[in-house]
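*Asks:* Sharing a model prediction with you, sequence too.
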Amino acid sequence: MERSTDNATIGTAVTPPTLALGHGDVLDFGDTKIKVHFYGTAHTPSDISLEIVGHNIVHVGDVAMDNRIAFMDDGSFRGTFKYYDALEAAVPGALWIPAHGHPGKQVLAHNRELFEGIYQSAQKAVEQMGGQELAKSLALEDPRVKKYAPVTKGFDENIGKYTSLAYLEAESASF
């Protein structure tokens, strides 16, 4: 961690969690209440989002990011869409605070648009039995993906991996 943070974490003591939290739990800090939201696998199988009750603010963690794509190695594109649907229904019009990037009311919408471009391209490739290379080329031609590619950190280095993961998920979902 010290190497990753350019030594900014020197002296930091790791403190493991001691409180198990579940969907709907509310932490009461007197004048501030924080509600836990969990809607299944998105970025990982265990990401939670935290709502500051009464303020229409939700820290979404790595479930959505601003101008970058969360690693999806242990995640699910389809699960992410379900997670966004449920979160938007639970806290409509919220200010979404991502773990990476700037907060905004459009963070989920922008992530969804990019992810749908990638995943729906993978679905087309599966339907055409074209393989992961076709999924990547379709994604690169998708207007939603083209829109976000220039502003998404690490896009060029990672689009192959993301289209591959999306293809495998779409292929599995087709059975």
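*Replies:* Yep, it's here.
*Asks:* where along this protein do the strands fall?
*Replies:* Secondary structure of the chain (DSSP state E): strands at 26-28, 33-37, 49-52, 57-61, 95-98.
*Asks:* among these, which is nearest residue 123?
*Replies:* Among those, strand 57-61 comes nearest to residue 123, with 24.8 Å by Cβ to Cβ. Using the backbone N, CA and C atoms, a C-beta is placed for each residue, glycine as well.
*Asks:* Give me the mean pLDDT for that closest one.
*Replies:* Strand 57-61 shows a mean pLDDT of 97.
*Asks:* Now do that strand: which elements does it pack against?
*Replies:* On a contact count with 3 or more Cβ pairs under 8 Å, 6 or more residues apart in numbering; DSSP states H and E, strand 57-61 meets strand 49-52, strand 95-98.
*Asks:* could you dump those strands to CSV with distance to residue 167?
*Replies:* Formatted as CSV, the helices and strands packed on strand 57-61 follow (distance: least, Cβ to Cβ, whole Å):
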stretch, distance to residue 167
strand 49-52, 27
strand 95-98, 25
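*Asks:* Redo the ones you listed as JSON lines? Include mean neighbour count.
*Replies:* Formatted as JSON lines, the helices and strands packed on strand 57-61 follow (neighbours: other Cβ atoms under 10 Å):
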{"stretch": "strand 49-52", "mean neighbour count": "20"}
{"stretch": "strand 95-98", "mean neighbour count": "20"}
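*Asks:* per-residue confidence for residue 69?
*Replies:* Taking residue 69 on its own, its pLDDT is 83.
*Asks:* My guess is it contacts residue 155. True?
*Replies:* Yes. With contact defined as Cβ atoms under 8 Å, residue 69 counts as touching residue 155 (7.4 Å).
*Asks:* quick one, which of those two is more surrounded?
*Replies:* residue 69 (22 against 17; other Cβ atoms under 10 Å).
*Asks:* Quick one: residues contacting the more buried one.
*Replies:* By Cβ atoms under 8 Å, 6 or more residues apart in numbering, the residues touching residue 69 are 114, 115, 152, 154, 155, 158, 162.
*Asks:* right, and the pair among those with maximum separation?
*Replies:* Top of the distance list for the contacts of residue 69 (Cβ to Cβ): 115 and 154, 14.9 Å.
*Asks:* More neighbours: which of those two?
*Replies:* Taking other Cβ under 10 Å, residue 115 and residue 154 do not tie; residue 115 has more neighbours (25 against 13).
*Asks:* Quick check: that one touching residue 81?
*Replies:* Yes. Counting by Cβ under 8 Å, residue 115 does reach residue 81; the two are 7.2 Å apart.
*Asks:* Which pLDDT does the model give the nearest residue to residue 144 once chain neighbours are set aside?
*Replies:* Spatial nearest neighbour of residue 144, excluding adjacent residues (Cβ to Cβ, 6 or more residues apart in numbering): residue 117 at 3.3 Å. Model confidence at residue 117, given as pLDDT, is 98.
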